[in-house]
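Visitor: Kindly return the folded structure for what I paste below:
(one chain, ligands or ions: 1)
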Amino acid sequence: VTSLSASTPQDRGLIAAFEAIVGPANVLTQPSDMAAYLTEPRDLFRGGALCVVRPGSTAEVAAVVRLCSEAATPIVPQGGNTGLVGGQIPAPEDRAIVLSLQRMRALREIDLASNTMTVEAGMVLAAAQAEADRVGRAFPLSLASEGSCTIGGNLATNAGGTGVIAYGSARDLVLGVEAVLADGRIYAGLSKLKKDNTGYDLKALFIGSEGTLGIITAAVLKLFPKPRAVATAFIGLPSPADALALLDLARDKAGGEITAFELIPRLGLDFVLAHAQGARDPLAGPHQWYILLELGAHEEGAADRLLELLADAAGRGLIEDAALAASETQRRDFWRLRDELSEAQRREGGSIKHDVSVPIADIPAFLEEAGRIVATAAPGARLVPFGHLGDGNIHYNVSQPVGADRDAFLARWAEINFLVHGVVARYGGSISAEHGIGQLKRDLLGEVKDPVALDLMRALKRTLDPKGILNPGKVI
Ligand SMILES: Cc1cc2nc3c(=O)[nH]c(=O)nc-3n(C[C@H](O)[C@H](O)[C@H](O)COP(=O)(O)OP(=O)(O)OC[C@H]3O[C@@H](n4cnc5c(N)ncnc54)[C@H](O)[C@@H]3O)c2cc1C
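Guide: Got it, this is the predicted structure:
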């Protein structure tokens, strides 16, 4: 973490002006106060900033941005700081400010007739879920980081997670956005309209733009009926091809009720069993692969339908064994086996990550091909591909060989990425399914994205941020 001293009179003047807008307590300049904003979950990036500014309202955000625009000072927006591609971390040489939205966490309105909830950008995702639950509805975005990540960050990254198979990603869950533009003007787009064909979809510009086109300050989120019955199974099966056939069958039998279809390899389960306290294998014997399948139904009988589905799948030889959660505690235990995967992998040493998607039908071939290539390049490396099979999104993670040197293994990050992304490209896939581009994949994007698409992205950036002060060095 680099602490940049406010050495010039201009810097000192800027900090005093920020203090006048948000109050001295909400401008952090001490290294110890800023440290938490300048490091990130994977410890791949360490930042440096002039200061951290914590506005409490949209008007304050606008005033801060206007000042930055006049001074040409870069702004790095930050929500919960759970992003996995370094988008929320400022590069020291930019002498940027971190603009933390964490104080803006108000619920502005719930409109049950419109089925919407208007919240400020700094509201933590779990709090948004709880607000929806309180009025008997659901907000179905669901990530393992939901206790810390914010709605603003979720929209800025177009977050995915486990519910995408049923509800889509963050983009599909929002009707309106309020954002502060690079010159400090406010785009007041908090529309609740489901139908509005008055020109370009402007809110869409800010969703997935990772803070490079505007600062999201509030959003109108869609609410959904709360599932009345949830049924969850932990299923052992021989291969990803069988998992795909099970998905097909589940779609036939349970259609829109499938709310999660997560793939876990045996090695991943072994890691969790070794490192997560109290974790237990729900099945009697080992299996090569597992699926965590959940149905969320609006009428009773979800468990019966799941049992029927499992019996059918067993009859067709697609699955080897399965356990059905008999209580909420058991359901949570099953989910823990999925949610603890990243942490358990961290305890196994260095891990080279990929967040890729390919057409769902190609997942078995992708896994086979990528596995062969990585095993040849890095003998002994342990493959832990897991994730949202139902969305074609695999976290293709590669753990270091047992006993190998962690840093030497991680030094091969770009080389292994290149190999895996080569296979992804052959299947017409994406190098970032849900985590975004940030700084981690910025150079990669230039290599794989269609040149016309890159031109359009640059044109948008120039138009919305002519001085290049919004999250420079990220995405493009
Ligand atoms: C344990 C764990 C599990 C995760 N699981 C998933 C998962 O399943 N699916 C998934 O998609 N992601 C996942 N993530 C990644 C991360 O949680 C998401 O990207 C999340 O949406 C980031 O939200 P945040 O508030 O923490 O944003 P931050 O990390 O603070 O910022 C992320 C990006 O958004 C920008 N930004 C933040 N707030 C704003 C704003 N108000 N306006 C404009 N730009 C803004 C930042 O500049 C940065 O580029 C996981 C992370 C962890 C640590």
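Visitor: Residue 292: what's it in contact with?
Guide: 232, 233, 234, 235, 260, 261, 262, 264, 334, 335, 337, 338 (C-beta atoms under 8 Å, 6 or more residues apart in numbering). For the C-beta atoms, the positions are set from N, CA and C on the backbone; glycine is no exception.
Visitor: quick one, phi psi at the spatially most central residue of the chain?
Guide: Nearest residue to the geometric centre of the chain (C-alpha atoms, centre = their mean): residue 159, 4.0 Å. Per-residue torsions, residue 159: phi -60, psi 150 (degrees, to the nearest 10).
Visitor: ok, now residue 146?
Guide: Here is the backbone geometry of residue 146 (degrees, to the nearest 10): phi -60, psi -20.
Visitor: In terms of helices and strands, where is the residue nearest to residue 287 when sequence neighbours are not counted?
Guide: Distances taken as C-beta to C-beta, 6 or more residues apart in numbering place residue 236 nearest to residue 287, at 3.1 Å, with adjacent residues excluded. In this assignment (DSSP states H and E), residue 236 forms part of strand 229-237.
Visitor: where does this protein come near the ligand, residue by residue?
Guide: The chain has residues 41, 76-84, 87-88, 101, 121, 143-145, 149-150, 152-154, 156-157, 159-161, 210-211, 215-216, 342, 434-435, 438, 471, 474 near the ligand, with proximity defined as C-beta under 6 Å from any ligand atom.
Visitor: Any quick ChimeraX command for the buried ones out of the residues you listed?
Guide: Remark: buried members of the residues of the chain next to the ligand, expressed as a ChimeraX selection using 16 or more other C-beta atoms under 10 Å:
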select :76,77,78,79,80,81,82,83,84,87,88,101,121,143,144,145,149,150,152,153,154,156,157,159,160,161,210,211,215,216,342,434,435,438,471,474
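Visitor: from the residues of the chain next to the ligand, which ones fall inside strands?
Guide: Among the residues of the chain next to the ligand, the members falling in strands (DSSP state E) are 76, 77, 78, 215, 216.
Visitor: And what about the residue lying closest to the first one once chain neighbours are set aside, helix, strand or coil?
Guide: Counting by C-beta to C-beta, 6+ apart, the nearest residue to residue 76 once its immediate chain neighbours are dropped is residue 90, at 4.2 Å. Of the three states, residue 90 takes coil under DSSP: H, G, I helix; E, B strand; the rest coil.
Visitor: Give the helix, strand or coil label for residue 33.
Guide: helix.
Visitor: And for it, the neighbour number?
Guide: Residues contacting residue 33 under the criterion other C-beta atoms under 10 Å number 13.
Visitor: do you know how far residue 16 is from residue 56?
Guide: According to C-beta to C-beta, to the nearest Å, residue 16 and residue 56 sit 18 Å apart.
Visitor: Comparing these two, which residue is more hemmed in?
Guide: The neighbour count for residue 16 versus residue 56, taken as other C-beta under 10 Å, is higher for residue 56 (19 against 12).
Visitor: what ranges do the helices span in the stretch 201-350 of the chain?
Guide: All helices of the stretch 201-350 of the chain, identified by DSSP state H, counting those that start in this stretch, fall at 202-206, 240-254, 266-275, 302-315, 328-339, 341-347.
Visitor: quick one: which of those helices is nearest residue 51?
Guide: Among these, helix 202-206 comes nearest to residue 51, with 24.5 Å by C-beta to C-beta.
Visitor: tell me which residues in that closest one are buried?
Guide: For helix 202-206, a neighbour-count test (16+ other C-beta under 10 Å) marks 203, 205, 206 as buried.
Visitor: Could you tell me which residues make contact with the last one?
Guide: Under the criterion of C-beta under 8 Å, 6+ apart, the contact partners of residue 206 comprise 155, 156, 177, 179, 213, 214, 216.
Visitor: wait, what's in contact with the closest residue to the third one other than its chain neighbours?
Guide: In this structure, residue 177 finds its nearest non-sequential neighbour in residue 203, 4.0 Å apart by C-beta to C-beta, 6+ apart. Residue 203 makes contacts with 174, 175, 176, 177, 189, 191, as judged by C-beta under 8 Å, 6+ apart.
Visitor: quick one: the fourth one is in a strand?
Guide: Yes - with three-state DSSP as the criterion, residue 177 is part of a strand.
Visitor: Do I have it right that it meets residue 213?
Guide: No - Residue 177 is not in contact with residue 213 according to C-beta atoms under 8 Å; the separation is 11.0 Å.
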